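Student: sequence first, predicted coordinates after that:
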Amino acid sequence: MSKVCKIFLILFLCSFTGWSQVKPKDACRAEDGRILFTIDLKWTAAQRQEVARLFDIDSILMAGVWSGKSEMTVNGVLWRVKKVTARIVELSKSLTENASKGSSDVILIDDQMAGIVMETTRESVPYGINKFTRINVFRYAGGKATFFLPGHAEARQIFLSGTFNNWSTLQMPMWKNDSGWIYRLDLLPGKYQYKYVIDGRWAADPFNRQCEDDFNGGENSVVFCFNHIFRLAGQSEAKRVVLCGSFNNWREDELKMIRIRSGWGLQLFLREGTHAYKYLVDGNWINDPSAAVTRPDGAGNTNSFIGIGDSMIFQLKGYPNAKKVILAGSFNGWNTGELFMQKTETGWILPYALAPGVYEYRFIVDGTWLSDPDNPLHAGDKECDNSVLVFQPNYTFRLDGQAEAKKVAVAGSFNGWNGNNYRMTRQDGKWVFPISLRPGKYTYKFVVDGKWIRDPGNQLWEENEYGTGNSVIWIEP
């Protein structure tokens, strides 16, 4: 395996239709705690090189396979060769053994799946700030990130590697100047992990106090590309100003603001959605005087609000004689004293910024709870019938047939396997349910009048603890 690599294993499912023809791109799979490469001895030299390039297989291993060896040890890792047919062999190693030895090997497979992992990491947290000991080692502006590693004048070559390039050790060579090494790249707002590869050796950023376990005996540096700047004008006499909000559970000792020329400021990444916040100025809570939206918090006080991303326009038609209509849902913790809707000529309305996802909600009309009469998607039962909002869906579950069924739902790892919440609707002879899911792998089943079944239209599935199997989908970025 490559000498300068990091453990970054992405498991993807391959389905072989027969052993007589194995395509190089389908050569890798994971099974029973082992990583396996299926190799066709009839491959041409060009096909062998393609496999070695795709999966970063060491030339010593490839040569050993063709020489007929049954076992090989490379970089302290035991590899086994099993002959399946006269022309097909399997090269494999234990995943757990590799991890326990602290190997620096990498198996980088399927760029599409690697992109899923990258996107999932980028959006994995609701907020984030940077914690650098030097202000010039990272800069983000206009969608461009600049990484700067001071010193290392004696180094011959340094590469930047991280979740933004699937931990490639060759894609991003840094260029040297009088005081260090620099690399610039385009990045979306969010969280990223990274390291430097200095003359073939991995190194975390020595000027970054924020890091996470790399599960290989070391640490990865963590950086956030911000998408919002909080500013509080004035307060020149204040000694300490802290930003607190729903995004960090209102912690009072975490997001300390920095004194700037016009007052106080703080740059951070905020995930899409609506966030409530306040400033804590020398122990006193104040709203943001520049905030466009201020709402009650349901406890007799008010909070400032900011929306990141697109907004959903909630509408309730009619009810011209109602005195007060409130929106409550999973997106605001079912707070019944916060989202007061605005009256219009045709009903009631409220714009609200949301991250893509699935939410439940209801209206409260003069104290009476009701679901959205114009929304066919529902969750729960008759006593607690919530409307379901799928904001910016990126996948649709479909079940053909089942014309006699009275109630069909989809349940899976995305909703805690709740067989009652995501009720499907009948359209064009099929049961359908649109959904918004973050990139990654999900397992699911359909619940047809109480009976759990796999998706007959999806051949991709995996076994479960009940021996009945679960259907599997991958959501791409």
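Tutor: Sure thing, it's come through.

Student: please count neighbours and contacts with C-alpha atoms only from this point.
Tutor: Fine.

Student: beta partners for Pro434?
Tutor: On the basis of DSSP bridges, Pro434 is bridged to Thr396.

Student: can you check the one 10 residues further on too?
Tutor: Under the criterion DSSP bridges, Tyr444 forms beta bridges with Gly412, Ser471.

Student: tell me, how many residues neighbour it?
Tutor: By other C-alpha atoms under 10 Å, the residues close to Tyr444 number 23.

Student: identify the residues contacting it.
Tutor: Neighbouring residues of Tyr444 by C-alpha atoms under 8 Å, 6 or more residues apart in numbering: Val410, Ala411, Gly412, Ser413, Trp417, Arg454, Asn470, Ser471, Val472.

Student: try 7 Å
Tutor: Neighbouring residues of Tyr444 by C-alpha atoms under 7 Å, 6 or more residues apart in numbering: Ala411, Gly412, Ser413, Asn470, Ser471, Val472.

Student: any chance of those in CSV, with pLDDT too?
Tutor: Shown next, in CSV, are the contacts of Tyr444 (pLDDT from 0 to 100):
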residue, pLDDT
Ala411, 94
Gly412, 93
Ser413, 93
Asn470, 94
Ser471, 94
Val472, 93
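
Student: buried among these? Make that a ChimeraX selection.
Tutor: Typed into ChimeraX, the line below selects the buried ones among those, using 16 or more other C-alpha atoms under 10 Å:
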select :411,412,470,471,472
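
Student: from the contacts of Tyr444, which is closest to Gly450?
Tutor: Set against Gly450, the nearest of the contacts of Tyr444 by C-alpha to C-alpha is Ala411 (11.6 Å).

Student: please name the residues that touch Arg398.
Tutor: For Arg398, the contact set (C-alpha under 7 Å, 6+ apart) comprises Lys430, Trp431, Val432, Phe433.

Student: among these, which are in strands?
Tutor: The strands, defined by DSSP state E, take in Lys430, Trp431, Val432, Phe433 from those.

Student: of these, just the buried ones, ChimeraX syntax please.
Tutor: Buried members of the ones in strands among the contacts of Arg398, defined by 16+ other C-alpha under 10 Å, are picked up in ChimeraX with:
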select :430,431,432,433
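
Student: in TSV, list the ones in strands among the contacts of Arg398 along with distance to Tyr140 and pLDDT.
Tutor: Below are these laid out as TSV (distance: C-alpha to C-alpha, whole Å; pLDDT from 0 to 100):
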residue	distance to Tyr140	pLDDT
Lys430	48	92
Trp431	46	95
Val432	42	94
Phe433	39	94
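
Student: from the ones in strands among the contacts of Arg398, which single one is nearest Lys239?
Tutor: Using C-alpha to C-alpha, Phe433 comes nearest to Lys239 of these, at 53.3 Å.

Student: name the element Glu90 belongs to?
Tutor: Assessed by DSSP states H and E, Glu90 sits inside strand 88-94.

Student: repeat for Arg48
Tutor: Per DSSP H and E, Arg48 falls inside helix 45-55.

Student: domains for the chain, by residue range?
Tutor: 24-109, 130-225, 228-308, 311-390, 395-475 (automatic domain parsing).

Student: by mean pLDDT, show me the worst of the ones you listed.
Tutor: Between those, the one with the least mean pLDDT is domain 24-109; it has a mean of 68.

Student: now the ones in strands among the contacts of Arg398 as CSV including distance to Leu160?
Tutor: Shown next, in CSV, are the ones in strands among the contacts of Arg398 (distance: C-alpha to C-alpha, whole Å):
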residue, distance to Leu160
Lys430, 49
Trp431, 48
Val432, 45
Phe433, 42
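
Student: contacting residues for Ala409?
Tutor: Shown in contact with Ala409 (C-alpha under 7 Å, 6+ apart): Gly419, Asn420, Tyr422, Arg423, Met424, Phe446, Val447, Val448.

Student: so who does the residue nearest to Lys69 when sequence neighbours are not counted touch?
Tutor: Nearest residue to Lys69 in three dimensions, chain neighbours excluded: Val81, at 6.9 Å (C-alpha to C-alpha, 6 or more residues apart in numbering). Val81 sits next to Val65, Lys69, Ser70, Glu71, Val89, Glu90, Leu91, Ser92 when contact means C-alpha under 7 Å, 6+ apart.

Student: can you select the buried ones from these in PyMOL?
Tutor: To isolate the buried ones among the contacts of Val81 in PyMOL, judged by 16+ other C-alpha under 10 Å, type:
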select buried, resi 65+89+90+91+92
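
Student: and which of the contacts of Val81 is nearest Asn303?
Tutor: Distance to Asn303 across the contacts of Val81 (C-alpha to C-alpha) is lowest for Ser92, with 57.6 Å.

Student: what about the nearest residue to that closest one once chain neighbours are set aside, which helix or strand?
Tutor: Distances taken as C-alpha to C-alpha, 6+ apart put Leu36 closest to Ser92, at 4.3 Å, once the chain neighbours are dropped. Taking DSSP H and E as the criterion, Leu36 maps to strand 34-40.

Student: OK, contacts around Gly318?
Tutor: Gly318 touches Thr346, Gly347, counting by C-alpha under 7 Å, 6+ apart.

Student: mind checking how far it is from Asp178?
Tutor: For Gly318, the distance to Asp178 (C-alpha to C-alpha, to the nearest Å) stands at 69 Å.

Student: repeat that for Gly142.
Tutor: Using C-alpha to C-alpha, we find Gly142 at a distance of 26 Å from Asp178.

Student: do the same with Tyr361
Tutor: The gap separating Tyr361 from Asp178 is 58 Å, by C-alpha to C-alpha.

Student: neighbour count winner among these two?
Tutor: Each of Tyr361 and Asp178 has its neighbours counted (other C-alpha under 10 Å); Tyr361 has more, 21 against 8.

Student: from memory the more buried one sits against Gly329, does it?
Tutor: Yes. The criterion here is C-alpha atoms under 7 Å, and Tyr361 meets it with Gly329 at 3.9 Å.

Student: would you mind giving the domains of the chain as a markdown table with distance to Thr121 added?
Tutor: A markdown table is the format used below for these (distance: least, C-alpha to C-alpha, whole Å):
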| stretch | distance to Thr121 |
| --- | --- |
| domain 24-109 | 17 |
| domain 130-225 | 7 |
| domain 228-308 | 12 |
| domain 311-390 | 16 |
| domain 395-475 | 10 |
